[in-house]
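Peer 1: below is the sequence, then the predicted model.
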Amino acid sequence: MAESNQRSDESHESTFSILRHIIQICFVLGRSMSIILPLVCKKIEIKRYLCTENDSYCRQMKRALRIVLKVVVAMFVLSIALTVAYRWINPPITLLMISRALNGADINKKWVPLDEISPNLVRASIASEDNNYLGHRGFDLGAIYDAIDERNSGKRQRGASTISQQTAKNVFLWSGKSWIRKGLEVYFTFLIEHIWGKERIMEVYLNVIEMGNGVYGAEAAAQHYFGRSSAKLTQRQAALIVAAYPNPRQRDPAHPTTYLNKRASQIQRLMPLMGTIAFDEECIAEARERYDRYVDNRKAAHKRKQNKK
């Protein structure tokens, strides 16, 4: 009981610390903008002879700049507020769900807490999608080094997107590829890593990810494909669901093709190699020590390959 109360106190302390930092950031940003805006507007070089005191063009440009900067600040504050809210409030819907629904698909989903999802599915997801999930800070630098080396050698590139990045994209952003969306993905990944933490990210990930045509999240997928709750998924069933991730609308874990069976078997072989998967501070600290050594090794290997050219 005492241990439970201690964890609760630590959780509240962590929450208040995060909120305090966010308030400080917003305060500093607001003060900075009140100082920067007038300076920026005064320093803009729009052909000095056009910027007379009574020149309407110059006034319009300054007004437009103020509006743009205020919109950027408002979006920044809103993004932080939404991320903080989603630490406790479950995201009700995503842009992908809306997009699919507009094209005629159903929205079959049911939120369940992480402790009601089979550890087999957590382990299978990490084994397949993000081996270093517990160790990295949102971005797998080792995988990025490997991807660069594969691109330079002409090999087929593997994806380096982490579970944290996928969650940020699924919850806050739209589908598709663009530099703007990728930049926002990096930004939201940074936010959720620092505000949510690994356990909450995994819970959200396994509840919003698309797992079939109109099927979202672990519980809906488990019921849809295997007629059971997500808490009772076997290793094989979990591996089959995860094996379908890259193209879940075209693959059926309940009636797997030869390829899907082969991929699920690969995931099953990897699952025991993931070691201890827990979200307490000690386990994450150990994972980060291992991950940092791994990144150092991958960075050294990358430099050796670069030097050979």
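Peer 2: Yes, it's here. Residues are numbered from 1 along each chain as shown.

Peer 1: what are the phi and psi angles of the residue lying closest to residue 226 once chain neighbours are set aside?
Peer 2: Closest residue to residue 226 apart from its sequence neighbours, by CB to CB, 6 or more residues apart in numbering: residue 237 at 5.4 Å. All C-beta spots, glycine's among them, are computed from the backbone N, C-alpha and C. When read as degrees, to the nearest 10, the backbone of residue 237 gives phi -60, psi -40.

Peer 1: equivalent analysis for residue 216, please.
Peer 2: According to degrees, to the nearest 10, residue 216 has phi -130, psi 130.

Peer 1: which strand residues bridge it?
Peer 2: residue 109, residue 210 (DSSP bridges).

Peer 1: check contacts around it.
Peer 2: Residues counted as contacts of residue 216 (CB atoms under 8 Å, 6 or more residues apart in numbering) are 94, 97, 107-109, 207-210.

Peer 1: just give me the closest of those to residue 75.
Peer 2: The closest of these to residue 75 turns out to be residue 94 (CB to CB; 18.4 Å).

Peer 1: right, and residue 137 touches residue 189 too?
Peer 2: No. With contact defined as CB atoms under 8 Å, residue 137 does not reach residue 189; the gap is 9.2 Å.

Peer 1: the two: which has the busier surroundings?
Peer 2: Neighbours of residue 137 and residue 189, each counted by other CB atoms under 10 Å, are more numerous for residue 189; the result is 24 against 14.

Peer 1: how far away is residue 209 from residue 161?
Peer 2: Between residue 209 and residue 161 the computed distance is 13 Å (CB to CB, to the nearest Å).

Peer 1: can you show me the helices along the chain?
Peer 2: 2-43, 56-85, 95-102, 119-129, 141-152, 163-172, 179-195, 198-208, 218-226, 235-243, 258-270, 281-307 (DSSP state H).

Peer 1: re the thing from before, with respect to residue 128, which of the contacts of residue 216 is nearest?
Peer 2: Of the contacts of residue 216, the one sitting nearest to residue 128 (CB to CB) turns out to be residue 209, at 12.0 Å.

Peer 1: ok, the closest one - how many residues close by?
Peer 2: So residue 209, with other CB under 10 Å, has 24 neighbours.

Peer 1: pretty sure it sits against residue 170.
Peer 2: Yes. Using CB under 8 Å, residue 209 is in contact with residue 170, at 6.1 Å.

Peer 1: common neighbours of the two, please.
Peer 2: In contact with both residue 209 and residue 170: no residue, using CB under 8 Å, 6+ apart.

Peer 1: so what are the domain limits for this structure?
Peer 2: Under the assignment automatic domain parsing, the domains of the chain span 2-85, 95-307.

Peer 1: how far does the last one sit from the chain's center?
Peer 2: So the one you mean is domain 95-307. Computed by CA atoms, centre = their mean, to the nearest Å, the chain-centroid distance of domain 95-307 equals 9 Å.

Peer 1: start to end distance for that domain?
Peer 2: For domain 95-307, the first-to-last residue distance is 44 Å (CA to CA, to the nearest Å).

Peer 1: stretch 99-114 now?
Peer 2: 26 Å.

Peer 1: in that stretch, what counts as buried?
Peer 2: Neighbour counts over stretch 99-114 (16 or more other CB atoms under 10 Å) mark 100, 105, 108-109, 111-112, 114 as buried.

Peer 1: same question for stretch 140-157.
Peer 2: Residues of stretch 140-157 classed as buried by neighbour count (16+ other CB under 10 Å): 140-143, 145-147, 149.

Peer 1: got JSON lines for the residues you listed, with pLDDT and distance to residue 120 too?
Peer 2: Shown next, in JSON lines, are those (pLDDT from 0 to 100; distance: CB to CB, whole Å):
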{"residue": "140", "pLDDT": "93", "distance to residue 120": "23"}
{"residue": "141", "pLDDT": "90", "distance to residue 120": "28"}
{"residue": "142", "pLDDT": "88", "distance to residue 120": "26"}
{"residue": "143", "pLDDT": "86", "distance to residue 120": "24"}
{"residue": "145", "pLDDT": "86", "distance to residue 120": "30"}
{"residue": "146", "pLDDT": "82", "distance to residue 120": "27"}
{"residue": "147", "pLDDT": "79", "distance to residue 120": "28"}
{"residue": "149", "pLDDT": "78", "distance to residue 120": "33"}
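
Peer 1: what about stretch 224-239, how long is it end to end?
Peer 2: End-to-end distance (CA to CA), stretch 224-239: 15 Å.

Peer 1: buried residues, that stretch. List them.
Peer 2: Buried residues in stretch 224-239 (16+ other CB under 10 Å): 224-226, 229-231, 233, 235-239.
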